[in-house]
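S.K.: how would this look folded up:
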Amino acid sequence: MFKSHSIKFKRQAKAGSEHALVNVCMAELCKKAGLAGSKDLVQRDLMFLSGRIETQTGVLISLSTIKRLLNGQFSRLPQIATLDAIAVTAGYNSWQHFKGCKRAGALHNGNGEADKVDGAAAGKPGNLKARALFSGVFLVIIAVAFWSVMTTGKSGLGDIEKAKFSVKKVTGNDIPNTVVFSYNIDTVRADSFFIQQSWDKSRRVRIYKHNYTLTDIYYEPGYHTAKLIANDKIIKTVDVSIPTNRWFYYAKESIAKGQPKYILPANGSGNGLLKLTADDLLKNKIDIQKENAFFNVYFPSRIENSSDNFVLKFRIKVDVLKDDPCPYFATEVFCQRYFMFFTSTLKGCASELFSQFGENVLNGKTSDLSAFGSDVTNWQTVEFKAIKKNVTISINNVKVFSSGYRNSCGLITGLGLISNGLCEVDSLDFKTIAGKDIYHSDFDPKNGLSH
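M.R.: Sure, this is the predicted structure:
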C-alpha cells in the first residue's frame, strides 16, 4: 500500500511539475511575441498568438485551448503536438528541449538559448559531465527522429506523405463560389480530420476516412490556402484563387469574422473616385447603424508580380457613417503567403492599430504605432512601398514607418481598402519597383479603368 501511494505521489508531483512548465512556457511565448503578460489577454491577443503559433509550426491551436494554457485550466497535459508547438514558438527546438533547459537549471533568454542561473553549481565537474551526457543523448535522439521522418515520411500520424489533397472550381470565378475538394486520408492515423478553407478557423469542416470528396462554398473573393488537418496538424495545403477582375464591395460585422453582405453600388468607381455611398448601403439592405467593416477589393486572374518589390500610391479619406470615435482605414496588398497590410486612424486611437508585414505582426497594444495616426476623415496621401523585403510607409510625404521581414510573401494576388466607414479613394497607382503597372486608375469613367 505504501508503495502504491508513493508511486501515485510521484506521478502527481510530476504532473504538477509539467503543469508549472506549461505556465512558464506560455509566459515566455507571450514575452517573445511582444505581449505584456500571459494574463488577462483580450480576444485579439489570443487570435494573434494562435496565428503566430500556426505560422511558425503549422499547428492550429484554438483560442479556447490557448486561454486554458495561459490560465493553467487543464487537468491533463495537452497533446505532445500542442506542447511542441508552444515550445517552438517560444524559441526552443521542442517540448523536450524546453524541459531539458529548465531542469538543467537554465533560464531561456528569448532566443532559444540557455543562460546559467547558478554559476558555481553549473561549473561542478559532476554537473558538467551530466549535462554533457544529457545533451549528447538528446542530440542523438533528435538526429535519429529527424532522419526517420525525412527518409520515410512517417510520424505519429502514420504515412502522411501518401495523403492526397486537391481542389477544382465548378462555378468559374463567380461569388459565392462552390469548389470540390478531393482527398485521401486512409493512411493517416488521427482522432479527427478537417478541411479548412483558409486562415479563418471558423471555416473548418470535419471529414472522415474512406470518404474522398467534400464540396464547400467560398463566400469571399481572394487567394485562399485551404488546409488538410489531422488532429491539430496541417498535413497538406492547396491554393484556391477566386478572382474578381473588377472592384468588388461587401460588408462584414468585423474584418476577421461574419458572413459577407454583398453591395452592388450605383456607381462604385467613377467621377474621379472609388467610393460607396450611404444610399448604396440602404439599397443593399445594409444597416448603417450597426458596426461593419466595408471592403473594397480587387483580385485579378493573372498573378505574376512579387509582393517583395512594389510601390502603391493613392489618396484616401473616410466618411464616418455614425458617431464612431475611432474611424480607420486599412490598406492591404493581398499575397500568396502571409499578410501585408497596415491600418491608420486618429492619433488618439493608435492603441487600436494592427499591422502585419510578412511574418512580423504589430499590435498597437504592445507596440508604439502612433506614427500611423492621421486625420483619416480628411484627404491623406499614402505611399506603401516594399523593396527587397523592406517596407516603408509614408503619409502626406512623411515617412512614418520602416521595417524589414525575412520570409517572402509570394506573388501579389490583389488589393484591398477596408474601413469602418466609407472610403473615398482618388488616383490609385500600383507598380512594380521596375515601373511596370500592376493596377492604375484615376477612376474617371471617360478614361476607363486600366490594369
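S.K.: and residue 84, what does it touch?
M.R.: When contacts are counted by CB atoms under 8 Å, 6 or more residues apart in numbering, residue 84 touches 57, 59, 94-95. Glycine gets a C-beta too; all of them are placed from N, C-alpha and C.
S.K.: closest to residue 360 among these?
M.R.: Taking CB to CB as the measure, residue 57 is the one of those closest to residue 360, at 17.0 Å.
S.K.: Residue 361 versus the most centrally placed residue in the chain, what's the distance?
M.R.: Central residue of the chain (CA atoms, centre = their mean): residue 51, 4.3 Å from the mean position. With distances taken as CB to CB, to the nearest Å, residue 51 is found 7 Å from residue 361.
S.K.: ok, now residue 439?
M.R.: From residue 439 to residue 361 the distance is 26 Å (CB to CB).
S.K.: for residue 275, same thing?
M.R.: 30 Å.
S.K.: Look up how far residue 259 lies from residue 89.
M.R.: Taken as CB to CB, the span from residue 89 to residue 259 is 31 Å.
S.K.: between the two, which one's more packed in?
M.R.: Neighbour count, other CB atoms under 10 Å: between residue 89 and residue 259, residue 89 has more, with 23 against 10.
S.K.: Tell me how far the more buried one lies from residue 173.
M.R.: Between residue 89 and residue 173 the computed distance is 37 Å (CB to CB).
S.K.: Residue 47 too?
M.R.: 30 Å.
S.K.: So those two - more neighbours on which side?
M.R.: Taking neighbours as other CB under 10 Å, residue 47 and residue 173 compare with residue 47 leading, 17 against 14.
S.K.: which SS class is the more buried one?
M.R.: With DSSP: H, G, I helix; E, B strand; the rest coil as the basis, residue 47 sits in helix.
S.K.: For the remainder of this discussion, apply numbering that starts at 651.
M.R.: In the new numbering, first residue 651, that becomes residue 697.
S.K.: Find me the pLDDT at it, would you?
M.R.: If you check residue 697, the pLDDT there is 79.
S.K.: quick one, what contacts it?
M.R.: 713, 906.
S.K.: ditto for the one 5 residues further on
M.R.: Residue 702 sits next to 683, 739, 1011 when contact means CB under 8 Å, 6+ apart.
S.K.: Following the helix or strand containing it in sequence, what is the next regular element?
M.R.: Here residue 702, judged by DSSP states H and E, is contained in helix 693-707. Sequence-wise, the next helix or strand downstream of helix 693-707 (DSSP H and E) is helix 713-721.
S.K.: Now for residue 1047, how many residues are close by?
M.R.: Based on other CB under 10 Å, the number of other residues close to residue 1047 is 7.
S.K.: same question, residue 703
M.R.: 22.
S.K.: All the strands of the stretch 901-1050 of the chain, in order from the start?
M.R.: Along the stretch 901-1050 of the chain, counting by DSSP state E, counting those that start in this stretch, strands occupy 911-913, 919-920, 923-925, 943-948, 959-969, 978-985, 989-995, 1004-1008, 1010-1013, 1030-1037, 1040-1045, 1048-1054.
S.K.: hang on, I meant the stretch 701-850 of the chain
M.R.: With DSSP E, counting those that start in this stretch as the criterion, the stretch 701-850 of the chain has strands spanning 756-758, 764-766, 804-805, 808-809, 814-819, 827-834, 843-846.
S.K.: dump the residue contacts of residue 835.
M.R.: So residue 835 contacts 813, 843, 857, 859, 878, 880 (CB under 8 Å, 6+ apart).
S.K.: if I look at it, how far off is residue 989?
M.R.: As judged by CB to CB, residue 835 and residue 989 stand 29 Å apart.
S.K.: can you check residue 1070 too?
M.R.: Applying CB to CB, the value for residue 1070 to residue 989 is 19 Å.
S.K.: got it, and residue 1073?
M.R.: Residue 1073 is 19 Å from residue 989, by CB to CB.
S.K.: The two: who's more crowded?
M.R.: residue 1073 (22 against 19).
S.K.: Just give me the neighbour total for the closest residue to that one other than its chain neighbours.
M.R.: Counting by CB to CB, 6 or more residues apart in numbering, residue 1073 lies nearest to residue 1067, which is 5.1 Å off, once chain neighbours are set aside. Residues lying near residue 1067 (other CB under 10 Å) number 23.
S.K.: Walk me through the domains of the protein.
M.R.: Under the assignment automatic domain parsing, the domains of the chain span 661-767, 808-892, 897-1091.
S.K.: I'd like to know which of those has the weakest mean confidence.
M.R.: For the domains of the chain, mean pLDDT drops lowest on domain 661-767, to a mean of 76.
S.K.: and that one, how far from the chain's centre?
M.R.: How far domain 661-767 lies from its chain's middle: 18 Å, per CA atoms, centre = their mean, to the nearest Å.
S.K.: One more: stretch 880-900?
M.R.: 13 Å.
S.K.: measure it end to end?
M.R.: Chord length of stretch 880-900, first to last residue, is 33 Å (CA to CA, to the nearest Å).
S.K.: and what of stretch 1003-1021?
M.R.: 10 Å.
S.K.: Ok, stretch 733-744 next?
M.R.: Here the two ends of stretch 733-744 are set 8 Å apart, with distance taken as CA to CA.
S.K.: now stretch 722-733
M.R.: Using CA to CA, the end-to-end distance of stretch 722-733 comes out at 13 Å.
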